[in-house]
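Colleague: this one's structure only:
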Ligand SMILES: [Zn+2]
């Protein structure tokens, strides 16, 4: 017999502690991105489809990549960096949330829930939430670069430019991300 608490009590306390982690404590984060997804398979599909090409891949070598999450965060950070260079806009404290959903139907459902409108989208950037929603099924570098273009432009300007200008900048980012 000794006075140390029984192992099951320690486990119970640990369990209670883990239940009371602040919300979002488990969300993987990098310099520019907080990542959200429900299903590891969906994240893996997103990662497989996000082919960033030789030039951008060369920037990966310096990064520590062990898990799929690490790889996704590293790639998205590189895209965020490249789009800033392409647009020549470097917002202070640039950070977005990236929500990876299974397919375009889920993206449309999310859009409808937030805005009450039906819209066919494989990805969109929510200005009010600083969040990119993207369909893993339809992921391509250019699709993500376009939405990152919206995010960078949005966080750069204090006064939001007209929608058409915003869209032009996003298209420019999309076109030149592989330059
Ligand atoms: Zn757009």
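Modeller: Thanks, I have it. In this text, all values refer to a predicted model and were calculated from it rather than measured experimentally. Numbering: from 1, shown residues only.
Colleague: buried residues in the longest helix belonging to the chain?
Modeller: With residue count as the measure and DSSP state H as the assignment, the chain has helix 68-87 as its longest helix. Buried positions in helix 68-87, judged by neighbour count with 16 or more other Cβ atoms under 10 Å: 68-69, 71-84, 86-87. C-beta here means a position set from N, CA and C on the backbone, and glycine is covered the same way.
Colleague: Over to stretch 132-152?
Modeller: 132-137, 139, 141, 143-152.
Colleague: where's the residue of the chain found nearest the ion, which helix or strand?
Modeller: Of the residues in the chain, the one nearest the ion is residue 170, at a distance of 4.2 Å by Cβ to the ion. Element membership for residue 170, per DSSP states H and E: helix 163-176.
Colleague: And that helix, what does it pack against?
Modeller: helix 68-87, helix 141-156 (3 or more Cβ pairs under 8 Å, 6 or more residues apart in numbering; DSSP states H and E).
Colleague: a markdown table please, covering those helices and showing distance to residue 43.
Modeller: Formatted as a markdown table, those follow (distance: least, Cβ to Cβ, whole Å):
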| stretch | distance to residue 43 |
| --- | --- |
| helix 68-87 | 6 |
| helix 141-156 | 14 |
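Colleague: who in the chain is up against the ion?
Modeller: The chain has residues 167, 170 near the ion, with proximity defined as Cβ under 5 Å from the ion.
Colleague: Flag the shaky bits of the chain, pLDDT-wise.
Modeller: Residue ranges of the chain with pLDDT under 70: 1-7, 9-25, 62-63.
Colleague: repeat that with 50
Modeller: Low-confidence segments of the chain, defined by pLDDT under 50, span residues 21-24.
Colleague: Between the two ends of stretch 125-137, how far is it?
Modeller: Stretch 125-137 has an end-to-end distance of 17 Å (Cα to Cα, to the nearest Å).
Colleague: swap that for stretch 131-142, please
Modeller: 17 Å.
Colleague: That stretch: how far from the chain's middle?
Modeller: Centroid displacement of stretch 131-142 relative to its chain, using Cα atoms, centre = their mean, to the nearest Å, is 9 Å.
Colleague: show me the contacts for residue 139.
Modeller: Applying Cβ atoms under 8 Å, 6 or more residues apart in numbering to residue 139 gives the contacts 45-46, 49-50, 123.
Colleague: and those residues, which of them are in strands?
Modeller: Using DSSP state E, the subset of the contacts of residue 139 located in strands is residue 123.
Colleague: Make a markdown table from the contacts of residue 139 and add neighbour count and distance to residue 102 to it.
Modeller: Compiled in a markdown table, those are given as follows (neighbours: other Cβ atoms under 10 Å; distance: Cβ to Cβ, whole Å):
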| residue | neighbour count | distance to residue 102 |
| --- | --- | --- |
| 45 | 18 | 8 |
| 46 | 26 | 9 |
| 49 | 17 | 12 |
| 50 | 20 | 15 |
| 123 | 21 | 13 |
